[in-house]
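1. Predicted model follows, preceded by the sequence.
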Amino acid sequence: MPFHDELPSRQAQLSALQNTEEFDVLVVGGGATGSGCALDAVTRNLKTALVERNDFSSGTSSRSTKLIHGGVRYLQKAIMKLDYEQYMMVKEALHERSNLLDIAPHLSAPLPIMLPVYKWWQLPYYWAGIKMYDLVAGGQCLKSSYVLSKTKALELFPMLKKDKLVGAIVYYDGQHNDARMNLAIALTAARYGAAIANYTEVVHLLKKTDPQTGKEKIWKEFDVRAKCVINATGPFTDALRKMDNQEIPNICQPSAGVHIVIPGYYSPDNMGLLDPATSDGRVIFFLPWEKMTIAGTTDTPTDVTAHPIPKEDDINFILSEIRHYLSADVEVRRGDVLAAWSGIRPLVTDPNSKDTQSICRNHIVNISNSGLVTIAGGKWTTYRSMAEETLTAATKAHGLPTGPSRTVGLMLEGAKDWTPTLYIRLVQDYGLEVEVAQHLASTYGGKAFEVAKMAHVTGQRWPIVGKRLVSEFPYIESEVLYAIKEYACTATDVIARRTRLGFLNVRAAEEALPRIVEIMGKQLGWKLDTAKEFLHYEMGYKSRSEQLTNIPEMSLASTEKRFHKFDKESKGFITTLDVQRVIKNIGIQIDEDTLHEILNEVDLNRNGQVELNEFLQLMNAVKKGQVSDSRLAILMKTVEESLDQRGPVSVDRSGGGQRVTVDRENKRERERESAAGKISYCDSKSSLNNVHAVYNFIIFC
């Protein structure tokens with residue numbers, strides 16, 4: 001079985017698609033299921049191709065809850081309704097959960113999930129159900145579930161609401177980086193010889209007549225000839241089926257799942273939460289992910305679209321439910337939503353079933369009269385078994401000579417040389433920051449060394465290599481270069497799927513975009529506007545900005561007073577020059593580009609100045625918690641406090657009464673140490689404290 005140590009270039013892949021006389025299998029769709037089908041096919045020694053009209057994992061597969069799970073709630077239904085089909089579905093998923101954790105240990109790990117209990121009778125009821133979950137997993141149980149007292153539950157999850165809490169149950173499922181996992185499957189298929197290409201769209205299907213049967217058979221897609229075509233297009237299943245036969249009814253019934261990302265302090269570092277009984281009966285997960293917290297729910301009817309947009313109502317619903325089970329000490333603010341997205345789950349009806357109205361709870365494999373093989377439905381966890389079933393049916397229907405599936409236990413891209421301590425070698429051998437090294441190891445596995453080798457020297461004492469794209473995230477510039485090897489074609493591919501910056505913080509992603517485009521501009525025609533549009537609509541930036549524009553104006557004397565300390569000439573607006581003039585008087589220096597960025601966040605009409613009504617709307621939004629990280633609001637508040645406290649401030653040493661002033665040599669040393677922050681210190685002790693606050697905000701927020 002061939003295996004490439006070096007990934008073929010994208011141009012080589014496109015050439016293979018165009019010049020190969022005939023493939024055995026052509027897979028349409030580069031999500032988890034499609035990539036899984038390509039990997040299953042190529043490892044059965046079938047000549048395999050895969051095409052995806054956007055990027056790998058650009059659809060549903062990158063917008064999941066990030067869980068690898070068997071489905072606790074499905075097991076509950078199976079037991080309550082004595083439904084053997086549901087039971088077998090859970091059992092299959094638990095087997096696949098174990099396999100996925102084994103074949104990609106760098107991208108996945110077990111995660112404890114807490115189920116808080118607020119009624120005594122629920123404790124034995126939920127415990128019995130969770131224990132059954134362990135029993136069904138059998139030898140593949142990740143870790144045994146257990147019961148916690150109220151005290152212990154609050155110790156492990158201190159943000160939890162205390163009122164009426166009687167205890168909690170903790171069980172284990174898997175968690176992964178879904179987009180990177182999808183990409184690992186696709187890249188592994190490429191290494192085994194599959195010709196894969198993103199941004200390659202199926203326009204129509206060409207057919208030829210079978211001389212033996214007289215039936216029309218699908219022959220090729222574009223100029224790609226294949227004996228068998230597999231439709232693995234998720235929510236777009238029906239679109240490709242209708243290319244085959246316009247008369248067939250739709251089988252896809254799309255359902256949307258909306259998720260939000262909020263700061264990591266909302267949840268413990270390694271403990272998730274499951275709320276099985278929301279106000280409208282849906283289930284909400286509340287999980288730590290990539291040092292942030294992800295919260296979301298599923299199953300809201302929706303239309304099929306290539307660019308699903310999270311709705312403000314869904315975001316507010318999730319926030320409302322979070323408030324129900326978090327302590328009153330934790331203020332859940334709309335402004336803390338750093339990113340939001342919607343994913344479309346392709347629920348299906350079985351076209352072979354008599355009851356064509358009922359939704360299939362698992363997945364279906366259907367073969368049309370012309371031979372188009374369709375795999376639809378299912379879930380992330382079972383992508384491999386779905387692919388195996390699909391290829392087995394496809395090879396039988398098309399008479400392709402092949403053996404059994406070989407993907408159980410087949411290590412995915414980066415898994416082979418990964419160890420839990422690999423990041424230490426990255427730190428020692430290349431001089432990377434520990435956090436960056438941990439990120440590279442958990443994202444690229446054994447391939448992390450290739451990324452590290454591409455990193456440029458920083459010119460600093462530490463880290464020696466690895467300049468970050470944005471200060472608060474461990475993504476480094478060499479990852480942008482490496483993304484091309486992984487078939488990235490646009491800036492959106494980098495911020496959304498090669499890294500996960502767009503899913504974690506839309507404003508940080510927007511800040512990184514110009515540098516990403518600059519790095520790759522000479523090699524690819526990268527599009528900045530398209531990436532900004534992706535952040536604006538699909539990652540929730542539009543909903544975030546509307547928190548400012550939809551707030552009625554307010555007029556508070558204290559707020560106006562703060563504004564007029566900068567608007568000395570009573571123009572009714574402030575510019576960067578106004579801000580610079582004031583902050584220089586108290587010894588703070590911020591470069592003009594940074595000031596432009598700060599004001600631009602509030603400049604709603606984009607006229608280069610912040611007007612009084614815009615500032616009042618901002619302060620009202622901050623007060624209500626709808627905006628929580630405005631740099632302008634914090635800067636102006638800090639400067640105002642500094643102005644109010646100006647003047648020499650003495651500090652008396654205990655017992656001696658000697659006045660101590662800030663030593664100018666120490667001051668200059670601090671200026672040198674913080675040069676990267678573009679802010680200098682002043683002599684006043686009180687101003688110094690305030691400048692620390694501004695410094696920390698500008699650099700880390």
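-> The structure has been received and is ready for your questions. Residues are numbered from 1 along each chain as shown.
2. Show the low-confidence segments of the stretch 251-400 of the chain, by residue range.
-> 298, 352-361 (pLDDT under 70).
3. which residue ranges form the helices in it?
-> Per DSSP state H, counting those that start in this stretch, the stretch 251-400 of the chain carries helices over the ranges 312-325, 383-398.
4. can I assume Ala633 is in contact with Leu618?
-> Yes: between Ala633 and Leu618 there is a contact at 6.0 Å, judged by C-beta atoms under 8 Å. Quick note: C-beta positions are derived from backbone N, CA and C, even for glycine.
5. Outside of stretch 462-472 itself, list whatever touches it.
-> Here stretch 462-472 makes contact (C-beta atoms under 8 Å, 6 or more residues apart in numbering) with 430-433, 436, 452, 455-458, 474-480, 499, 501, 505, 508, 511-512, 515-516, 699-701.
6. go with 6 Å
-> Residues outside stretch 462-472 that contact it (C-beta atoms under 6 Å, 6 or more residues apart in numbering) are 430-433, 436, 455, 457-458, 475-477, 508, 511-512, 699-700.
7. Equivalent analysis for stretch 45-63, please.
-> Residues from elsewhere that reach stretch 45-63 (C-beta under 6 Å, 6+ apart): 17, 23-28, 30-32, 38, 41-42, 178-179, 182-183, 186, 194-198, 200-201, 224, 234, 341, 343-344, 402, 493, 497.
8. among those residues, which are in strands?
-> 23-28, 195-197, 224, 341, 343-344 (DSSP state E).
9. least confident pick among these?
-> For these, the weakest pLDDT value sits at Val224, with 84.
10. ok, what's across the strand from that residue?
-> Counting by DSSP bridges, Val224 forms beta bridges with Glu221.
11. doesn't Gln18 make contact with it?
-> No: shown here, Val224 and Gln18 do not form a contact pair, counting by C-beta atoms under 6 Å, at 7.6 Å.
12. Which one of the two is surrounded by more residues?
-> Neighbours per residue, other C-beta atoms under 10 Å: of Val224 and Gln18, the larger number sits with Val224, 21 against 12.
13. who's in contact with the more buried one?
-> Applying C-beta under 6 Å, 6+ apart, we find Val224 in contact with Leu17, Leu26, Ala49.
14. one more time with 10 Å
-> Neighbouring residues of Val224 by C-beta atoms under 10 Å, 6 or more residues apart in numbering: 16-18, 20, 22-23, 26, 49, 51, 195, 197, 200, 202, 206.
15. what would those look like in JSON lines with distance to Val365?
-> Below are the contacts of Val224 laid out as JSON lines (distance: C-beta to C-beta, whole Å):
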{"residue": "Ala16", "distance to Val365": "27"}
{"residue": "Leu17", "distance to Val365": "25"}
{"residue": "Gln18", "distance to Val365": "29"}
{"residue": "Thr20", "distance to Val365": "26"}
{"residue": "Glu22", "distance to Val365": "23"}
{"residue": "Phe23", "distance to Val365": "20"}
{"residue": "Leu26", "distance to Val365": "16"}
{"residue": "Ala49", "distance to Val365": "20"}
{"residue": "Val51", "distance to Val365": "20"}
{"residue": "Ala195", "distance to Val365": "23"}
{"residue": "Ala197", "distance to Val365": "24"}
{"residue": "Thr200", "distance to Val365": "24"}
{"residue": "Val202", "distance to Val365": "19"}
{"residue": "Leu206", "distance to Val365": "23"}
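16. Please pick the buried ones from these.
-> Ala16, Leu17, Phe23, Leu26, Ala49, Val51, Ala195, Ala197, Thr200, Val202 (16 or more other C-beta atoms under 10 Å).
17. residue nearest the centroid of the chain?
-> Phe503 (3.9 Å; C-alpha atoms, centre = their mean).
18. was I right about it contacting Pro310?
-> No: between Phe503 and Pro310 there is no contact under C-beta atoms under 10 Å: 11.6 Å.
19. Need the overlap of contacts for these two.
-> Common neighbours of Phe503 and Pro310 (criterion: C-beta under 10 Å, 6+ apart): Arg63, His259, Ala339, Ala340, Trp341, Glu538, Met539, Gly540.
20. Including neighbour count, could those go into a markdown table?
-> Formatted as a markdown table, the shared contacts of Phe503 and Pro310 follow (neighbours: other C-beta atoms under 10 Å):
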| residue | neighbour count |
| --- | --- |
| Arg63 | 26 |
| His259 | 28 |
| Ala339 | 27 |
| Ala340 | 28 |
| Trp341 | 23 |
| Glu538 | 25 |
| Met539 | 29 |
| Gly540 | 27 |
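21. Just the buried subset of the contacts of stretch 45-63, please.
-> Buried among these (16+ other C-beta under 10 Å): 17, 23-28, 30-32, 38, 41-42, 178-179, 182-183, 186, 194-198, 200, 224, 234, 341, 343-344, 402, 493, 497.
22. quick one: His456 and Ile476 touch, right?
-> Yes: assessed by C-beta under 10 Å, His456 is found in contact with Ile476 at 9.1 Å.
23. Compare the two and say which is more crowded by neighbours.
-> Neighbour comparison, His456 and Ile476: the larger count goes to Ile476, with 27 against 12 (by other C-beta under 10 Å).
24. ok, now which ones touch the more buried one?
-> By C-beta under 10 Å, 6+ apart, Ile476 lies in contact with 432-433, 436, 439-440, 451-452, 454-456, 458, 463, 465-469, 482, 499.
25. Distance-wise, check it relative to Ser368.
-> Distance of Ile476 to Ser368, given as C-beta to C-beta, to the nearest Å: 47 Å.
26. and which of the contacts of stretch 462-472 is nearest Ala277?
-> Checking these against Ala277 with C-beta to C-beta, the nearest one is Ala508 at 34.6 Å.
27. Now for that closest one, how many residues are close by?
-> Around Ala508 there are 20 residues (other C-beta under 10 Å).
28. can you put the buried ones among the contacts of Val224 in CSV and add distance to Asp578?
-> Shown next, in CSV, are the buried ones among the contacts of Val224 (distance: C-beta to C-beta, whole Å):
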residue, distance to Asp578
Ala16, 60
Leu17, 58
Phe23, 65
Leu26, 62
Ala49, 60
Val51, 55
Ala195, 59
Ala197, 53
Thr200, 52
Val202, 56
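29. I'd say His439 and Leu422 touch.
-> No: counting by C-beta under 10 Å, His439 stays clear of Leu422, with 11.8 Å between them.
30. who's more crowded, these two?
-> Using other C-beta under 10 Å as the criterion, His439 and Leu422 rank with His439 on top: 25 against 20.
31. Could you tell me how far the helix or strand where the more buried one lies lies from the centre of the chain?
-> According to DSSP states H and E, His439 maps onto helix 434-444. Here the centre of helix 434-444 is set off from its chain's centre by 16 Å, with C-alpha atoms, centre = their mean, to the nearest Å.
32. just to revisit the earlier point, quick one: which of the buried ones among the contacts of Val224 is nearest Gly167?
-> Nearest to Gly167, judged by C-beta to C-beta, of these is Val51 at 51.9 Å.
33. what about the closest one, distance to Ile196?
-> To Ile196, Val51 is 8 Å away according to C-beta to C-beta.
34. List the residues that are in contact with both of those two.
-> Common neighbours of Val51 and Ile196 (C-beta under 10 Å, 6+ apart) are Gln13, Leu14, Leu17, Val27, Gly30, Gly34, Ala38.
35. Isn't Arg180 up against Ala483?
-> No: if you go by C-beta under 10 Å, Arg180 and Ala483 don't touch, sitting 11.5 Å apart.
36. any residues in contact with both of the two?
-> Arg497, Arg498, Thr499.
37. can you list those in JSON lines and add distance to Ile230 and pLDDT?
-> Output for these, formatted as JSON lines (distance: C-beta to C-beta, whole Å; pLDDT from 0 to 100):
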{"residue": "Arg497", "distance to Ile230": "22", "pLDDT": "97"}
{"residue": "Arg498", "distance to Ile230": "26", "pLDDT": "97"}
{"residue": "Thr499", "distance to Ile230": "30", "pLDDT": "98"}
